[in-house]
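> sequence first, predicted coordinates after that:
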Amino acid sequence: MPTIIPQLTIGAVDLGAAFLFMYGLKRMSSPVTAPSGIMVAGVGMAVAVLASFLYAFDVGAAARPHLMVNLGLAVLALALGGGVAWWSGRKVAMTAMPQMVAIYNGMGGGAAAAIAAVELFGDKPDGVTQLTVTLIGALIGAVSLSGSLVAWAKLDGVIKGPLRVRGQQVFNALVMAATLAVGGYIVAATHGVVASPLATPDLIWLFLGCALAFGVLMTLPIGGADMPVVISIYNAFTGLAVGLEGFVLQNPALMIAGMVVGAAGTLLTLLMAKAMNRSVGNILFTNFGVAPRHVQGDIKGSLKPVEASDAGIFMRYAASVIIVPGYGLAVAQGQQKLYEFVKLLQAAGVSVKFAVHPVAGRMPGQMDVLLAEAGVPYDMIFQLEDINDEFATTDVALVIGANDVVNPAARTDKSSPIFGMPILNADKAKKVYVVKRGEGKGYAGIVNALFYGDNCDMVYGDAAAVLTKMIEAVRALGSKAAA
């Protein structure tokens with residue numbers, strides 16, 4: 001029989017950990033308090049993990065001979081996992097952060113699926129409800145694991161572009177239907193409704209295999225431009241899977257944390273899809289096996305390259321500048337140089353603001369993190385809806401490594417794949433400078449009409465190198481003035 005004191009202690013500690021999770025998440029809602037929020041949530045996770053060792057006081061007699069071995073394995077797993085996470089977290093470059101998020105998110109889904117598998121193979125779920133919930137948690141967790149691994153491969157360049165074949169949508173639907181059918185059959189066979197020719201463990205393996213296959217098949221056709229939304233979706237999946245397994249284990253910390261993460265991930269997914277003027281279903285389930293067709297409209301004008309020093313000097317004498325950062329800035333690791341340049345402009349009396357698109361970069365919030373890493377004050381960073389009207393009155397818009405999020409075709413070209421997507425109105429500024437490594441296209445694979453505008457000049461080169469030249473040019477102006 002379970003002892004009362006350890007159970008009460010574990011319940012109280014789990015509730016405390018859940019409170020820390022929620023309080024930490026609340027503090028993450030603001031860039032100013034986000035670092036402390038992460039620390040608070042981390043403490044909550046540490047408390048929940050340590051509380052799990054209290055179950056050692058409630059082990060039955062049959063399991064006691066294995067207690068020390070299992071405790072040793074648990075400590076070893078924590079040491080290895082914590083060590084790898086600590087090392088990789090310190091070493092990872094900002095450009096590789098989306099891949100790391102995808103991997104860690106997949107590990108969370110895999111952990112939930114593993115817990116479900118242990119419960120299923122041990123015949124522990126009691127009753128139809130618990131068995132059904134366990135199977136649903138295993139399904140969602142397995143899909144999150146395999147789908148996140150594919151997302152990592154796409155972000156890391158292991159898989160080049162979306163992989164589509166004709167009829168893929170129908171095939172994916174059949175795989176999902178088969179997964180659900182096997183799950184339903186397990187419930188029916190376990191409770192004697194039907195006689196199964198296969199042993200229950202074989203059915204469980206088949207169920208998990210189908211779920212993992214569906215996660216791969218669902219993610220392969222999705223293009224790189226949609227990866228931020230995909231990462232957010234799988235984050236929601238992982239939270240939901242953890243919450244469901246918490247219900248099965250009757251663990252309040254897992255239930256609360258999982259549902260909070262699931263709800264937050266779902267809301268973020270919907271917000272990002274709205275920012276792209278697309279539904280989540282459109283991202284996940286359309287154009288499977290169909291190559292995107294787009295007839296590029298006539299673009300008037302020509303590309304006008306200028307020197308970085310000339311662009312820097314022009315901004316030095318402007319009254320206001322709005323900077324639009326993109327993934328190219330992260331690739332060049334130019335955020336420190338950018339803020340150094342910004343401080344020179346501010347010292348000269350120039351008003352400088354940053355405009356961040358919700359889906360800029362490879363994962364949600366990447367540009368905000370990038371700028372924060374360079375020390376840019378939070379009150380200089382504005383989201384699309386808060387700053388878009390200011391472009392029309394600003395002297396210069398400086399676009400660094402961004403493309404589709406400033407493409408005016410989203411407003412005018414109905415045949416464009418980004419038509420209707422809210423964009424930053426950089427083209428409405430009096431003068432636009434675009435820092436870009438070359439004349440390549442963005443994720444959407446279309447030419448950007450902004451680059452050909454009468455008010456737009458191109459500054460070609462690596463962002464960090466270009467910004468260095470701009471800094472040197474502006475500093476030289478100060479030296480000449482002093483002389």
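On my side now, so go ahead. These numbers come from a predicted model, not from an experiment.
> contacts and neighbour counts: CA atoms only from here.
OK.
> how distant is the helix of greatest length in the chain from the center of its chain?
In the chain, ranked by residue count with DSSP state H as the criterion, the top helix is helix 128-155. Once both centres are worked out by C-alpha atoms, centre = their mean, to the nearest Å, helix 128-155 turns out to sit 17 Å from its chain's centre.
> which strands or helices does it pack on?
If contacts are counted by 3 or more C-alpha pairs under 8 Å, 6 or more residues apart in numbering; DSSP states H and E, helix 128-155 sits against helix 97-121, helix 168-190, helix 200-219, helix 227-249.
> any idea which of those is most buried?
Each of the helices and strands packed on helix 128-155 was assessed for mean neighbour count using mean count of other C-alpha atoms under 10 Å. The highest is helix 227-249, with a mean of 27.
> can you list the helices and strands packed on helix 128-155 in a markdown table and add mean pLDDT?
A markdown table is the format used below for the helices and strands packed on helix 128-155 (pLDDT from 0 to 100):
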| stretch | mean pLDDT |
| --- | --- |
| helix 97-121 | 89 |
| helix 168-190 | 90 |
| helix 200-219 | 92 |
| helix 227-249 | 87 |
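> rebuild the ones you listed as JSON lines, extending it with distance to Pro35.
Listed next are the helices and strands packed on helix 128-155 as JSON lines, based on distance: least, C-alpha to C-alpha, whole Å:
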{"stretch": "helix 97-121", "distance to Pro35": "17"}
{"stretch": "helix 168-190", "distance to Pro35": "40"}
{"stretch": "helix 200-219", "distance to Pro35": "32"}
{"stretch": "helix 227-249", "distance to Pro35": "20"}
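> which of the ones you listed sits closest to Val369?
The minimum distance between Val369 and these falls on helix 97-121, with 10.1 Å, by C-alpha to C-alpha.
> tell me the gap between that closest one and the middle of its chain.
So, by C-alpha atoms, centre = their mean, the centroid of helix 97-121 is 16 Å from its chain's centroid.
> could you check the angle helix 200-219 makes with that helix?
Per axes from the mean of the first three to the mean of the last three C-alpha atoms, to 10 degrees, the angle that helix 97-121 makes with helix 200-219 is 160 degrees.
> quick check: angle from helix 97-121 to helix 128-155?
Direction vectors for helix 97-121 and helix 128-155, defined by the same axes, to 10 degrees, enclose an angle of 150 degrees.
> what's helix 97-121 in contact with?
Residues external to helix 97-121 that are found in contact with it (C-alpha atoms under 8 Å, 6 or more residues apart in numbering): 92, 125, 131, 134-135, 137-149, 151-153, 155-156, 201, 204, 231, 234-235, 237-239, 241-242, 245, 362-363.
> compare the helices and strands packed on helix 128-155 and give me the one nearest Met68.
Among the helices and strands packed on helix 128-155, if distance is taken as C-alpha to C-alpha, the winner is helix 97-121, at 19.6 Å.
> now the element after the helix or strand of the chain with the lowest mean pLDDT, going C-ward?
For the chain, using mean pLDDT, DSSP states H and E, the weakest element among its helices and strands is helix 280-285, scoring a mean of 70. Using DSSP states H and E, the helix or strand that directly follows helix 280-285 along the chain is helix 308-316.
> what helices or strands is the helix or strand following that following helix leaning on?
The element immediately downstream of helix 308-316 (helix or strand, assigned by DSSP H and E) is strand 320-325. The criterion is 3+ C-alpha pairs under 8 Å, 6+ apart, and the helices and strands that strand 320-325 contacts are strand 351-356, strand 396-400.
> show me what the first one is packed against.
Going back to what we said before, that points to strand 351-356. When contacts are defined as 3+ C-alpha pairs under 8 Å, 6+ apart, strand 351-356 packs onto strand 320-325, helix 335-347, strand 381-383, helix 384-387.
> in its sheet, what does that strand sit against?
Sheet neighbours of strand 351-356, with direction, are listed as strand 320-325 (parallel), strand 381-383 (parallel) (DSSP bridges).
> okay, those strands in JSON lines with mean pLDDT next?
JSON lines is the format used below for the strands paired with strand 351-356 (pLDDT from 0 to 100):
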{"stretch": "strand 320-325", "mean pLDDT": "95"}
{"stretch": "strand 381-383", "mean pLDDT": "90"}
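> which of these sits closest to Thr219?
strand 320-325 (27.4 Å).
> relative to helix 308-316, how tilted is the closest one?
Using the same axes, to 10 degrees: strand 320-325 against helix 308-316 is 130 degrees.
> got the angle for strand 320-325 vs strand 396-400?
Regarding strand 320-325 and strand 396-400, their directions subtend 20 degrees when assessed with the same axes, to 10 degrees.
> got any ranges where this protein has weak pLDDT?
1-6, 58-60, 63, 195-199, 224-225, 284-299, 439-445, 479-483 (pLDDT under 70).
> tell me the domain boundaries of it?
105-291, 308-482 (automatic domain parsing).
> any chance of JSON lines for these, columns distance to Trp86?
As requested, the domains of the chain are arranged in JSON lines below (distance: least, C-alpha to C-alpha, whole Å):
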{"stretch": "domain 105-291", "distance to Trp86": "15"}
{"stretch": "domain 308-482", "distance to Trp86": "18"}
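> those domains: which one's closest to Asn70?
The closest of the domains of the chain to Asn70 is domain 105-291. By C-alpha to C-alpha, the value is 14.6 Å.
> and the closest one, how far out from the chain's middle?
17 Å.
> do you know how far the closest residue to Ala178 other than its chain neighbours is from Glu245?
Here the nearest residue to Ala178 in space, its sequence neighbours aside, is Cys210; by C-alpha to C-alpha, 6 or more residues apart in numbering that works out to 7.5 Å. Taken as C-alpha to C-alpha, to the nearest Å, the spacing of Cys210 relative to Glu245 amounts to 19 Å.
> repeat for Phe121
When distances are taken as C-alpha to C-alpha, Phe121 and Glu245 turn out to be 14 Å apart.
> returning to that earlier point: now the strands paired with strand 351-356 as a markdown table including distance to Ala46 and mean neighbour count?
What follows is the strands paired with strand 351-356, written out as a markdown table (distance: least, C-alpha to C-alpha, whole Å; neighbours: other C-alpha atoms under 10 Å):
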| stretch | distance to Ala46 | mean neighbour count |
| --- | --- | --- |
| strand 320-325 | 36 | 24 |
| strand 381-383 | 33 | 17 |
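> export those strands as JSON lines, with columns for distance to Tyr23.
Conversion of the strands paired with strand 351-356 to JSON lines gives the following (distance: least, C-alpha to C-alpha, whole Å):
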{"stretch": "strand 320-325", "distance to Tyr23": "31"}
{"stretch": "strand 381-383", "distance to Tyr23": "24"}
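> right, I'll leave it there.
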